[in-house]
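>>> prediction below, plus the sequence it came from.
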Amino acid sequence: MSGSFQPGLENVIASETEISYLDVEKEQIVLRGYDLIELAKTVTYLDVVSLMLDGSLPTHEWRNALELSLKTEYGLPEDALTILRLLPQQTHLMDALRTGISAIAGYDQDIEDRSREANYRKSIRLLAKVPQIVASSYHASMRQPLVEPRQDLSYSANFLYMITGKVPSEMEEKTFDQSLIVYSEHEMPNSTFAARVIASTQADLYGALTGAVASLKGTLHGGANEAVMKMLLEAGDEEGMEPLILGKLTRKERIMGFGHRVYMKKPDPRAMLMKEALAALAAAKNEEKLYRMCVIGEEVMNREKGLYPNLDYYAAPVYYLLGIPIDLFTPVFLAARTVGVCAHVMEQHANNRLFRPRVLYKGPRDLHPNSASVGS
Ligand SMILES: CC(=O)SCCNC(=O)CCNC(=O)[C@H](O)C(C)(C)COP(=O)(O)OP(=O)(O)OC[C@H]1O[C@@H](n2cnc3c(N)ncnc32)[C@H](O)[C@@H]1OP(=O)(O)O
Ligand SMILES: O=C([O-])CC(=O)C(=O)O
């Protein structure tokens, strides 16, 4: 059999795509021809949603129409909320999110239709409902009242409001919106690959997204943002950072929020944007200590391992200062990434070939049942 084995499929081209590309040489994340960081500085998350699903940046009218379609789809079936309330209190919120997405799948009349139009409609519904599943799963786990979506707030402000119960300030809303943009899409990470593999059997969008949630939970992927915040809290202050990291490195532990399969020895441009956002937010909230701790961690890791922070490293303290509970950091990442996953599933369904790779078999051959001492 021909074909070479690349552990972890490193550098293997898995798909053709028109959605995004990590141009490591130019240190640029290309999103349908635009630079993701430029987009994050100049447009809103809903503009990026439109860019990803419609293929171009929207006019003002189109963007307003998109916002209206999303708001029309706000709200969750009462039975789905009951399912979230019935989950054991210790349920990981990524598992609750996975359950919530599965629970609403059966309500979607378009579920078995793989056409572009039906997948578009489902994407809008998911974008409208996933933030409420995220927020409700937290409140349900805390056995506290759920927060209903508000039509008078922007998409991002409403998302943050449903989590914290407080209407965000203009700065908080803008910073959160920017974080959703940088989390929205990133070419072929494990979760998107998982979704495309699932979609390639002609499975539906809800199933593919559920698979992406399961993938994103892992600490080598999205789960790192929660782990970063726990590390920062464990360090406590500026003095605590260096010894904590050095201790972990001595014990050969991985430092969460550093390194990346594609960038590895280069900075993740998204992390640098979130670093700027953290500096501004920390100054506004008189929390500069947190920013300084992160900078110390970055310097230590660069000196000791030559590694740079990835997005999760700086998104974590930003979310902390926005008042998001740590257990929701990864679910919020998934909510932001829903649009990217939807775009990839639409692309996969539009031009499908079943994913079915081969193996390099290392086990025994030519054994015979009669020569083994079965059951003796
Ligand atoms: C938004 C996101 O999902 S970004 C990813 C978020 N995940 C994390 O932050 C978890 C921490 N980081 C990591 O574990 C890794 O950097 C990954 C999983 C992201 C990428 O890993 P891979 O591409 O598989 O790289 P690999 O594991 O081969 O690492 C290469 C070398 O760098 C080291 N290394 C990589 N990341 C780290 C880290 N965070 N801390 C310590 N050492 C690290 C490895 O130990 C290895 O060293 P060695 O060659 O001496 O054995
Ligand atoms: O690209 C990856 O492998 C992981 C990542 O940074 C993301 O999904 O945002």
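Yep, that arrived. Ligands and ions are numbered 1, 2, ... in the order given.
>>> then the helix or strand containing residue 276 to CSV, C-alphas only?
In the assignment (DSSP states H and E), residue 276 maps to helix 269-284. The C-alpha coordinates for helix 269-284 follow below in CSV (Å, rounded to 0.1, in the frame of the first residue of the first chain):
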residue,chain,number,x,y,z
PRO,A,269,-1.4,36.8,16.0
ARG,A,270,-4.7,36.4,17.8
ALA,A,271,-2.9,36.1,21.2
MET,A,272,-1.1,39.4,20.5
LEU,A,273,-4.5,41.2,19.8
MET,A,274,-6.0,39.7,23.0
LYS,A,275,-2.9,40.9,24.9
GLU,A,276,-3.6,44.4,23.8
ALA,A,277,-7.3,44.0,24.8
LEU,A,278,-6.2,42.6,28.2
ALA,A,279,-3.9,45.6,28.8
ALA,A,280,-6.8,48.1,28.1
LEU,A,281,-9.4,46.1,30.1
ALA,A,282,-7.0,45.6,33.0
ALA,A,283,-6.2,49.3,33.1
ALA,A,284,-9.9,50.2,33.0
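>>> would you mark the buried spots in that helix?
269-275, 277-279, 281-282 (16 or more other Cβ atoms under 10 Å). No exception for glycine: its C-beta is placed from N, CA and C like everyone else's.
>>> now tabulate those residues in TSV and tack on distance to residue 120.
Formatted as TSV, the buried residues of helix 269-284 follow (distance: Cβ to Cβ, whole Å):
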residue	distance to residue 120
269	29
270	26
271	32
272	33
273	29
274	30
275	35
277	31
278	35
279	38
281	34
282	39
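>>> tell me which parts of this structure are close to ligand 2?
Contacts of the chain with ligand 2, taken as Cβ under 6 Å from any ligand atom, map to 186, 189, 221, 260-262, 310-311.
>>> quick revisit: list the buried residues in the helix or strand just after the helix holding residue 276.
Sequence-wise, the next helix or strand downstream of helix 269-284 (DSSP H and E) is helix 288-305. Within helix 288-305, the residues scored as buried using 16+ other Cβ under 10 Å are 290-291, 293-298, 300-301.
>>> give me the angle between helix 288-305 and helix 269-284.
Counting by axes from the mean of the first three to the mean of the last three Cα atoms, to 10 degrees, helix 288-305 lies at 150 degrees to helix 269-284.
>>> mind giving me the packing neighbours of whichever helix or strand comes after helix 288-305?
Downstream of helix 288-305, the next assigned helix or strand under DSSP H and E is helix 311-321. For helix 311-321, the elements it packs on are helix 170-183, helix 224-235, helix 269-284, helix 288-305, helix 329-350, judged by 3 or more Cβ pairs under 8 Å, 6 or more residues apart in numbering; DSSP states H and E.
>>> give me the number of residues near the one residue in the stretch 201-350 of the chain that gets nearest to ligand 2?
Residue of the stretch 201-350 of the chain nearest ligand 2, by Cβ to the nearest ligand atom: residue 261 (5.2 Å). Residue 261: 16 surrounding residues under other Cβ atoms under 10 Å.
>>> contacting residues around it?
8, 10 (Cβ atoms under 8 Å, 6 or more residues apart in numbering).
>>> phi, psi of it?
phi -50, psi -40 (degrees, to the nearest 10).
>>> mind checking pLDDT for it?
At residue 261, the pLDDT value in this model is 95.
>>> for residue 186, see how far away it is.
11 Å (Cβ to Cβ, to the nearest Å).
>>> so the helix holding residue 276 versus helix 170-183, what angle?
Relative orientation of helix 269-284 and helix 170-183, computed by the same axes, to 10 degrees: 170 degrees.
>>> the residue of the stretch 51-200 of the chain found nearest ligand 1 - nearest residue in space that isn't next to it in sequence?
In the stretch 51-200 of the chain, the residue that lies nearest ligand 1 is residue 189 (6.1 Å; Cβ to the nearest ligand atom). The spatially closest residue to residue 189, leaving aside those adjacent along the chain, is residue 221, at 6.6 Å (Cβ to Cβ, 6 or more residues apart in numbering).
>>> now that neighbour: phi and psi?
phi -130, psi -120.
>>> dump the residue contacts of it.
Contacts of residue 221 (Cβ under 8 Å, 6+ apart): 189-191, 215.
>>> can you pick the most crowded of those residues?
Ranking these using other Cβ under 10 Å puts residue 191 first, with 26 neighbours.
>>> up against ligand 1, what does this protein have?
Checking the chain against ligand 1 by Cβ under 6 Å from any ligand atom, the hits are 8, 219-222, 224, 254-261, 305, 307, 310-312.
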